[in-house]
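S.K.: could you work out the structure for the sequence below:
(2 chains)
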Amino acid sequence: QSALTQPPSASGSPGQSVTISCTGTSSDIGKYIYVSWYQQHPGKAPKLIIYEVSQRPSGVPDRFSGSKSGNTASLTVSGLQAEDEADYYCSSYAGSNSLGVFGGGTKLTVL
Amino acid sequence: EVQLVQSGAEVKKPGESLEISCRASGYSFRNYWIGWVRQMPGRALEWMGIIYPESSDITYNPSFEGQVSISADKFSANAYLHWSSLKASDTALYYCVRPIVIQGLLINIDLWGQGTLITVSS
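M.R.: Next up is the predicted model:
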């Protein structure tokens, strides 16, 4: 199972919006709603911020939103804040013969 | 508090064996799947495998089957990742995780340990 494809970096100024893409195939993102996004600050463990394409766990600000079109999922961070600077990883369910697949990660810089 | 606490960093030589651990607390350990994820520098996160402590059912990522073994002790609420013969390519950060599995579908990870850095070098 190949990794999902994410851009290595993204950036935006405080208050702006930035969108990070995650491209898979018709066997993972294109087929299932089980797309998740994780935020990882330096030296910390990843944290779930989006599940089932667009759902936010309790406590995650509504500045974070998710969507999917075809084989590509997207994470949008609106109203960028300095604390949003982190690495972001997508993942997707990929069928009963797989534990799932992750993206390579995108480093978000707040300028 | 619901948490996963992993054992500390290790520096080992190629060919040595190693077992790292993950202690769960704050929830019913035996009734949730628990697993391991590898993070190599500059590479995507990778599932290694998961185990259901109550039954010891295990599912490995085929890429890791035969390379590591996963176990769990439902009485002490610990999960383990074991290598019998380490390679330099095993150098990575390893996370203990609690995946959410619903009707057989592994849909996301809602709890992560702090990670254990393994360095294998001669």
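
S.K.: partners of the worst-scoring helix or strand of chain B on mean pLDDT, with directions?
M.R.: The least trusted helix or strand in chain B, going by mean pLDDT, DSSP states H and E, turns out to be strand B:105-112, with a mean of 91. The pairing partners recorded for strand B:105-112 under DSSP bridges are strand B:92-102 (antiparallel).

S.K.: and the partner strand, how far out from the chain middle?
M.R.: Averaged C-alpha coordinates place strand B:92-102 at 7 Å from its chain's average position (Cα atoms, centre = their mean, to the nearest Å).

S.K.: avg pLDDT for it?
M.R.: Here the mean pLDDT over strand B:92-102 is 95, rounded to a whole number.

S.K.: what's the answer for stretch B:55-69, then?
M.R.: Mean per-residue pLDDT for stretch B:55-69: 94.

S.K.: what lies in contact with the least confident helix or strand of chain B?
M.R.: For strand B:105-112, contacts defined as Cβ atoms under 8 Å, 6 or more residues apart in numbering or on different chains pick out A:34, A:36, A:38, A:45-48, A:51-52, A:57, A:91, A:93, A:99-100, B:2-4, B:33, B:37, B:50, B:95-101. Bear in mind the C-beta positions are built from the backbone N, C-alpha and C, glycine included.

S.K.: flag every buried residue along it.
M.R.: Using 16 or more other Cβ atoms under 10 Å in any protein chain shown as the test for burial, strand B:105-112 gives B:106-112.

S.K.: run the angle between the helix or strand just after it and strand B:92-102 for me.
M.R.: Using DSSP states H and E, the helix or strand that follows strand B:105-112 towards the C-terminus is strand B:116-120. Compare the direction of strand B:116-120 with that of strand B:92-102 by axes from the mean of the first three to the mean of the last three Cα atoms, to 10 degrees and you get 140 degrees.

S.K.: and strand B:116-120, which strands flank it?
M.R.: When sheet partners are counted by DSSP bridges, strand B:116-120 sits next to strand B:10-12 (parallel), strand B:92-102 (antiparallel).

S.K.: without its sequence neighbours, what residue ends up closest to the residue most central in space within chain B?
M.R.: The C-alpha lying nearest the average C-alpha coordinate of chain B belongs to B:W36 (Cα atoms, centre = their mean; 2.7 Å). Excluding its sequence neighbours, the residue lying closest to B:W36 (Cβ to Cβ, 6 or more residues apart in numbering or on different chains) is B:M48, at 4.3 Å.

S.K.: B:W83 touches B:I70, doesn't it?
M.R.: No: B:W83 lies out of contact with B:I70 (Cβ atoms under 8 Å); the separation is 11.0 Å.
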